[in-house]
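no sequence for this one, just the structure:
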């Protein structure tokens, strides 16, 4: 990394951590501070350069609006109320304030206050009342934000600090539209926010949440470039004060040639998009390794690599990466529920037990801790206790996606399909990108013999994870049960284009042979049965499918009058059900007669 860019990143992430913390956006502030601490340490000459750089920026643009200077004391007290979770007091104190920072803190407090009351009121996790909650303040908040932007004086130039405040107001509007599932308006406001200030990670994160498919996310990436996000300064004074995007307007900006911002936010956002949509390629790992090299102490990037490895079903690598993360940052519980999923799949009960005890000793009231403990009980087949801890996680955070999905799995284990369906539906409502919830819905409806519903949900899972053989196997199986054999054949053929193990190949080839037999296409059936049988000769491993294909081919050759070939196939058939063994013997006897 060039020295100048390193110094710039130090300044901007330091600045964002302070500003975002001062406005109550603690998650975004924490993320910026983690990036800051993950950057390579500055030498003494570099520290001096940083001080000079910051001084030059402050001299150039350190203007605070008149209203904010007059209302500073109220803002300080309101922020203290906010920190003490006295949100209504903060709203009341700032009700007549005019500056953008005070308006943001007031409206954000209003939003958080209503969310807190909703959380306290609804205790029944799976009840209908809990599903229909609504924040009653959102209309008032959106209306006030729109009025604020529409009443700005277009002739007055906004200072850099004011632009950041405007950015936060756009972000708040976008967050509300996102909760209302108005993704188009949410994205438009997030774009406006990022144009004004790009170092608010929560804005990038919510922008990603507004994307329901990978193609849409790619379009968002293209739109970010088109919107000119990344410019350090405004190039048109009046554009920043145009009509609010809440009403659907668009601002036009030039790319500032002297822009000093690095595109690190865009790079990280791209990585997270690929991770969230389960995309795998070698370039992804290379880009991620370069970012880790650029910000070596940033645990977030190492976590992304672990999540990508987990999604690629490379459990040993994912486990080792999470081990490294725990060594670097032992009290970090972020995504540790995913680590527990890995240990669960690997059936590492001892390590999962240790992780559960360790997380419980750090913070027993974190949703991640509850999910880890629930996974431990699930591995011990204590499904009722697992469900109790998943519900505890949801009482702490009703939007805990992992808890909803995994609780659905537990209900499936208990044969409670209706409760499982409800859990999976909640997971889908929170995040439509989670293939596990769609796949779980398919399984639950399949248990109820509702194959059309099951097929629909399996297809949604396939769209999200097209390179997972489990998705296509489930789709093919549903088509088969619905009697749509040709569609089932297409589904199973797609598995052959995925990099699968030898056991999976023999299963798919045998299945295709049987399906072609069902549609009375014996020529293709014979081709796939021979391909299945040839797998045994190529690998030297006999599987149930290769053995059954041997008997099928013996039967086929007997029908064609090729008695020697039929005899050879049947004589090598040495395992199976008593009925199959007796059939092989009958074929041998018939061949001897001929």
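Now that the structure is in, tell me what you want to look at. Keep in mind the model is a prediction, meaning the values are calculated, not measured. Residues are numbered from 1 along each chain as shown.

residue 593: how many residues sit nearby?
For residue 593, the neighbour count with other CB atoms under 10 Å is 7. The C-beta positions use only the backbone N, C-alpha and C, and glycine is treated the same way.

please disregard the earlier target; I meant residue 472.
There are 25 residues near residue 472, going by other CB under 10 Å.

helix or strand right after the helix or strand containing it?
Secondary structure assignment for residue 472, by DSSP states H and E: helix 469-481. Downstream of helix 469-481, the first helix or strand assigned by DSSP H and E is helix 485-496.

what sits up against that following helix?
469, 472-473, 475-477, 479-480, 504-505, 508-509, 511-512, 515-516, 518-519 (CB atoms under 8 Å, 6 or more residues apart in numbering).

now, of those residues, which are buried?
Using 16 or more other CB atoms under 10 Å as the burial test, these include 469, 472-473, 475-477, 479-480, 504-505, 508-509, 511-512, 515-516 as buried.

could you chop this protein up by domain?
Using automatic domain parsing, the domain ranges for the chain come out as 3-251+262-276, 501-594.

before we move on, back to that, which of the buried ones among the contacts of helix 485-496 scores worst on pLDDT?
Ranked by pLDDT, the buried ones among the contacts of helix 485-496 bottom out at residue 504 (81).

how about low-confidence regions in the stretch 1-150 of the chain?
1-2, 53-68, 122-133 (pLDDT under 70).

mind listing the helices for it?
Here the stretch 1-150 of the chain has its helices, by DSSP state H, counting those that start in this stretch, at 3-22, 26-38, 44-60, 66-83, 87-93, 100-121, 128-131, 138-150.

and if you look at the stretch 301-450 of the chain?
Under DSSP H, counting those that start in this stretch, the stretch 301-450 of the chain gives helices at 315-328, 336-345, 349-362, 367-379, 383-396, 401-413, 417-430, 435-447.

would you mark the buried spots in the third one?
Going by neighbour count (16+ other CB under 10 Å), the buried part of helix 349-362 is 352, 355-356, 358-359.

thinking again about what came up before, ok, which of the helices of the stretch 1-150 of the chain comes nearest residue 199?
For the helices of the stretch 1-150 of the chain, the distance to residue 199 is smallest for helix 3-22, at 3.7 Å, taking CB to CB.

and the closest one with helix 100-121, angle?
60 degrees (axes from the mean of the first three to the mean of the last three CA atoms, to 10 degrees).

need the helix or strand of this protein with the lowest average pLDDT.
helix 128-131 (a mean of 50; mean pLDDT, DSSP states H and E).

circling back to that earlier point, list the helices and strands the helix holding residue 472 packs on?
The contact analysis (3 or more CB pairs under 8 Å, 6 or more residues apart in numbering; DSSP states H and E) places helix 469-481 against helix 435-447, helix 451-464, helix 485-496, helix 502-518.

that one versus helix 485-496: what angle between them?
170 degrees.

and the angle from helix 469-481 to helix 435-447?
30 degrees.

starting at the chain centroid, how far to helix 469-481?
24 Å (CA atoms, centre = their mean, to the nearest Å).

list of residues touching that helix?
435, 439, 442-443, 446, 451, 454-455, 458-459, 461-462, 465, 485, 487-489, 491-492, 494-495, 498, 500, 504, 511, 515.

which among these end up buried?
Among the contacts of helix 469-481, those buried by neighbour count (16+ other CB under 10 Å) are 435, 439, 442-443, 446, 451, 454-455, 458-459, 461-462, 465, 485, 488-489, 491-492, 494-495, 504, 511, 515.

looking at the buried residues of helix 349-362, which is nearest residue 80?
For those, the nearest to residue 80 is residue 359 (31.9 Å; CB to CB).

which residue is the nearest non-sequential neighbour of residue 176?
Closest residue to residue 176 apart from its sequence neighbours, by CB to CB, 6 or more residues apart in numbering: residue 138 at 4.8 Å.

how much space separates the one you found from residue 177?
Here residue 138 is placed at a distance of 9 Å from residue 177 (CB to CB, to the nearest Å).

more neighbours, those two?
Using other CB under 10 Å, the more surrounded residue of residue 138 and residue 177 is residue 177, with 23 against 19.

list phi and psi for the more buried one.
With angles defined as degrees, to the nearest 10, residue 177 sits at phi -60, psi -40.

for this structure, which residues score under the pLDDT cut-off?
1-2, 53-68, 122-133, 153-157, 228, 230-262, 500-503, 594.

ok, residue 472 to residue 220 distance?
From residue 472 to residue 220 the distance is 28 Å (CB to CB).

sorry, slip of the keys, the one I care about is residue 438.
Distance check for residue 438 against residue 220: by CB to CB, it reads 22 Å.

next: residue 135.
25 Å.

again with residue 428
21 Å.

of the domains of the chain, which is nearest residue 414?
domain 3-251+262-276 (13.9 Å).

so for that closest one, first residue to last residue, what's the gap.
Terminal residues of domain 3-251+262-276 lie 32 Å apart, using CA to CA, to the nearest Å.

run the chain-centre distance for stretch 438-445.
Centroid separation between stretch 438-445 and its chain, computed with CA atoms, centre = their mean, is 19 Å.

which residues are contacting that stretch?
405, 408-409, 412, 417, 420-421, 423-425, 427-428, 451, 453-458, 460-461, 464, 470-471, 474, 478.

buried only: go through those residues for me.
Of the contacts of stretch 438-445, these count as buried by 16+ other CB under 10 Å: 405, 408-409, 412, 417, 420-421, 423-425, 427-428, 451, 453-455, 457-458, 460-461, 464, 470-471, 474, 478.

now the spatially most central residue of the chain: how far from residue 338?
For the chain, the residue nearest the mean C-alpha position is residue 276 (3.6 Å; CA atoms, centre = their mean). From residue 276 over to residue 338 the distance is 13 Å, taken as CB to CB.

residue 364 now?
Counting by CB to CB, the gap from residue 364 to residue 338 is 19 Å.

who has more neighbours, those two?
A direct count of neighbours by other CB under 10 Å for residue 364 and residue 338 places residue 338 higher, at 19 against 11.

in contact with that one, which residues?
Residue 338 touches 306-307, 310, 322, 402, counting by CB under 8 Å, 6+ apart.

just the closest of those residues to residue 97, please.
Distances from residue 97 to the contacts of residue 338, taken by CB to CB, are shortest for residue 402, at 39.9 Å.

show the contacting residues for that closest one.
With CB under 8 Å, 6+ apart, residue 402 has these contacts: 337-338, 341, 367, 371, 393.

give me the buried subset of the residues you listed.
337-338, 341, 367, 371, 393.

and of the residues you listed, the nearest to residue 282?
Nearest to residue 282 among the buried ones among the contacts of residue 402 is residue 338, at 22.7 Å by CB to CB.
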